[in-house]
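Colleague: Model the following, please.
(2 chains)
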Amino acid sequence: MSNRRVRVRFAPSPTGPLHIGGVRTALFNYFFAKRHGGDFLLRIEDTDSQRFVPGAEEYINEALRWCGIKIDEGVAEGGKYAPYRQSERRAIYKQYADQLVASGNAYYAFDTSESLDELRKEAEAKGNAFTYNYENRNRMVTSLTLSQEEVQTRISKGEKWVIRFKMPENEEVKMHDLIRGDVVVNTSTLDDKVLFKSSDMLPTYHLANITDDHLMEISHVIRGEEWLPSFPLHVLLYKALGWTENMPQFAHLPLLLKPAGNGKLSKRDGDKMGFPVFPLLWKSPEGETSHGYREDGYFPEAFVNLLALLGWNPGTEQEIFSMDELIQQFSFEHVNKSGARFDPVKAKWFNHQYLVQKSNTELAELYQQFLISEKNITAEPAKVERIVGLMKERVNFIHEIWEKSAFFFGKPTSYDAASVQKFWKADTAAIMKEVIVVLDNINQFEAHQIEEKLITFINEKGYGMGKVMNALRLILIGISNGPGVADICEIIGKEETIERINRAIESI
RNA sequence: GGUCUGUUCAUCUAAGGGUUAGGAUUCAAGAUUUUCAUUCUUGCCAUAGGGGUUCGAAUCCCCUACAGACUACCA
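Modeller: Numbers count the residues shown, from 1 in each chain, chains lettered A, B, ... in the order given. Down below sits the predicted model:
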């Protein structure tokens, strides 16, 4: 088993956009597979015909691609074990359900969902829960209680049926989890799960999942903690099918929790708290849209990095990781057992780190694209590069450069009242008129020159740096904080600088 | 209700029986700066509670509390 090729799968169901918890699961699978030179497969678990959402599968593919995950085998990529979409594998499953019935590990049940609902309600009224298990199954309409002929006629008459697992009574199931260690559960606390349904002739998650993992030679199942309760069922299914020999190893990842309050992260949290819970923008078939990290301006590397550190740590103090480093350093020993609360504030910090790391040239290209597509502005590359260099330390996102420095591309439309109060004194207009003269006399209108001339002027007149510079900045950009005054002057140019000063003298 | 899992600063986490319980984010203060940001320095803040075991417990065991997941002909 130890020298078995590592093969992992990410197996989402296309019931909507993949959320960041799912992305993290995919990432951990990917890290682990690549760490051990193995394969990463994407399998689409669409055995619930009721909940299928158009576009969800494309979304999943695009999200993984954006994160930098390379799929070795999958719906689009193909592979030796194709097809990778469960709805296209429907012919495969029935025989295994039959096998379980034949070996006495499963049985046909003819209950209607209405009658089951009723039983549940009755039990609830008495203060307990109805469990379809060893205690109750003999009272139900099943192949256990009916004669073989009767079962056959009911089936051939087209009566609806399901195949249920016959959960053994009072057996200890011992399981090993790579993250949590040994877990033991008594089968009497478990129920007879539905494995196959006649309504759409498809298996449920449990059967499909075990069958495909076995057939696809999956070596490690890495999934969310929400699957822990069905772990014993899965172990029992492997046993009943005679596949214990090469059953995969299991690892149940801790959950991603809400930033505040209780419970696991859900779609609503993002909308409420103003951060995305989805990797990409999502438009539901009903027309509802949800924010995505990509569209909100996150770099994929930052997104991957921040997700990797939720529930895993390197055991060192390193916080910034490339995909390769993540792959090299990942191990289950450093995966936490407890749920991790998502922190939107730190998410921004990660993006800032990546933004600052990028070269001005690279950033300029990105900002250039933003200017063209969002603002319809075509700017000189040199000017854009200058701007991003000045702004990068002050922002977390590319779009924030615009939000904080649109003044490089247009005159201020108003002057911040509090700053005017603070920096615009009785003699300011007069001083600014002198400043215009100083600036006008600079031949090489470049930051160094401008700063030098301005400082000499201020010193000669004895005005005080703050007094002049702060007022000048207010005039040029409308607010009191931003890049150095000389830099601003250079970027907008002599003519524009003087024009803005004149305008301010007249209008303030 | 039942089953399972978990619990270290506000948040992400380190410390695998012996450290003043470390780092990061946030927040606060100071220095630097023409403002802001950066940078630097500093500060605040934690082992859920109670019992054991041990010379010694965040770490091992038990109980309690709290939290989460699951409990569908969903995945």
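Colleague: list the contacts for the closest residue to A:Lys422 other than its chain neighbours?
Modeller: Excluding the flanking residues, the one nearest A:Lys422 by CB to CB, 6 or more residues apart in numbering is A:Ser480, at 7.1 Å. (C-beta placed from N, C-alpha, C; glycine too.) Counting by CB atoms under 8 Å, 6 or more residues apart in numbering, A:Ser480 makes contact with A:416, A:418-419, A:422-423, A:470, A:473-474.
Colleague: Give me the subset of those that also touch RNA strand B.
Modeller: With respect to RNA strand B, and counting by CB under 7 Å from any atom of the strand, the subset of those in contact is A:470, A:473.
Colleague: Need the buried ones from the contacts of A:Ser480 selected in ChimeraX.
Modeller: Selecting the buried subset of the contacts of A:Ser480 in ChimeraX, with 16 or more other CB atoms under 10 Å as the burial test, is done by:
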select /A:416,419,423,470,473,474
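Colleague: Pick out whichever of the contacts of A:Ser480 sits closest to RNA strand B.
Modeller: Ranked by distance to RNA strand B (CB to the nearest atom of the strand), these are led by A:Asn470 at 4.7 Å.
Colleague: any idea how far A:Lys80 is from that closest one?
Modeller: Distance, A:Asn470 to A:Lys80, by CB to CB, to the nearest Å: 69 Å.
Colleague: and if you look at A:Tyr238?
Modeller: On the measure of CB to CB, A:Tyr238 and A:Lys80 end up 22 Å apart.
Colleague: Could you list the buried residues of the helix or strand bottoming out on mean pLDDT in chain A?
Modeller: The helix or strand of chain A with the poorest confidence is helix A:267-273; it has a mean of 77 (mean pLDDT, DSSP states H and E). For helix A:267-273, burial by neighbour count (16+ other CB under 10 Å) applies to A:269-270.
Colleague: related to what we said a few turns ago, which pLDDT value goes with the residue nearest to A:Lys422?
Modeller: A:Ser480 carries a pLDDT value of 93.
Colleague: and what of A:His448?
Modeller: Model confidence at A:His448, given as pLDDT, is 94.
Colleague: So it: helix, strand or coil?
Modeller: helix (DSSP: H, G, I helix; E, B strand; the rest coil).
Colleague: likewise the one 4 residues further on?
Modeller: In the three-state summary, A:Glu452 is assigned as helix, counting by three-state DSSP.
Colleague: Please tell me how far it sits from A:Ser143.
Modeller: In this view, A:Glu452 and A:Ser143 are 94 Å apart by CB to CB.
Colleague: and the two? which has more neighbours close in?
Modeller: Neighbour tally, A:Glu452 and A:Ser143, criterion other CB atoms under 10 Å: the higher count belongs to A:Ser143, 21 against 12.
Colleague: Can you give me the distance of the more buried one to A:Leu100?
Modeller: Counting by CB to CB - A:Ser143 and A:Leu100 are separated by 12 Å.
Colleague: Ok, A:Glu451 next?
Modeller: From A:Glu451 to A:Leu100 the distance is 81 Å (CB to CB).
Colleague: So for these two, which sits in the more crowded spot?
Modeller: Legend: neighbour count by other CB under 10 Å for A:Glu451 and A:Leu100, higher for A:Leu100 (22 against 17).
Colleague: So what pairs up with the residue nearest to the more buried one when sequence neighbours are not counted in the strands?
Modeller: Of all residues not flanking A:Leu100 in the chain, A:Ala106 sits nearest, at 3.7 Å (CB to CB, 6+ apart). Beta-bridge partners recorded for A:Ala106 (DSSP bridges): A:Phe165.
Colleague: Report the contact partners of A:Ala106.
Modeller: Residues near A:Ala106 by CB under 8 Å, 6+ apart: A:97, A:100, A:163-166, A:195, A:240.
Colleague: swap in A:Ala504?
Modeller: Counting by CB under 8 Å, 6+ apart, A:Ala504 touches A:415, A:432, A:474-475.
Colleague: gap between the two ends of stretch A:334-350?
Modeller: 21 Å (CA to CA, to the nearest Å).
Colleague: scratch that, stretch A:153-161 is what I was asking about
Modeller: The first-to-last residue distance of stretch A:153-161 comes to 12 Å (CA to CA).
Colleague: What average pLDDT does that stretch get?
Modeller: Mean predicted lDDT for stretch A:153-161 stands at 95.
Colleague: same check, this time on stretch A:176-190
Modeller: Average pLDDT, stretch A:176-190: 94.
Colleague: Tell me how far that stretch lies from the chain's centre.
Modeller: 29 Å (CA atoms, centre = their mean, to the nearest Å).
Colleague: so where do the helices sit in the stretch 351-500 of chain A?
Modeller: In order along the chain, the stretch 351-500 of chain A carries the following helices (DSSP state H, counting those that start in this stretch): A:360-370, A:381-391, A:398-405, A:417-423, A:428-440, A:447-461, A:465-477, A:485-492, A:494-507.
Colleague: mean pLDDT lowest for which of those helices?
Modeller: Out of the helices of the stretch 351-500 of chain A, helix A:417-423 stands lowest, with a mean of 92 (criterion: mean pLDDT).
Colleague: name the helices or strands packed onto it?
Modeller: When contacts are defined as 3 or more CB pairs under 8 Å, 6 or more residues apart in numbering; DSSP states H and E, helix A:417-423 packs onto helix A:465-477.
Colleague: gap between the helix it packs on and the chain center?
Modeller: Distance, stretch centre to chain centre, for helix A:465-477: 44 Å (CA atoms, centre = their mean).
Colleague: List the buried residues of it.
Modeller: Buried-residue list, helix A:465-477, by 16+ other CB under 10 Å: A:468-477.
Colleague: And for stretch A:104-119?
Modeller: Under the neighbour-count criterion of 16+ other CB under 10 Å, stretch A:104-119 has A:105-111, A:119 buried.
Colleague: related to what we said a few turns ago, spatially, which two of the buried residues of helix A:465-477 are the most separated?
Modeller: A:Val468 and A:Ile477 (15.1 Å; CB to CB).
Colleague: Include distance to A:Leu265 when you put the helices of the stretch 351-500 of chain A into TSV, please.
Modeller: Below are the helices of the stretch 351-500 of chain A laid out as TSV (distance: least, CB to CB, whole Å):
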stretch	distance to A:Leu265
helix A:360-370	29
helix A:381-391	32
helix A:398-405	24
helix A:417-423	39
helix A:428-440	52
helix A:447-461	46
helix A:465-477	39
helix A:485-492	42
helix A:494-507	47
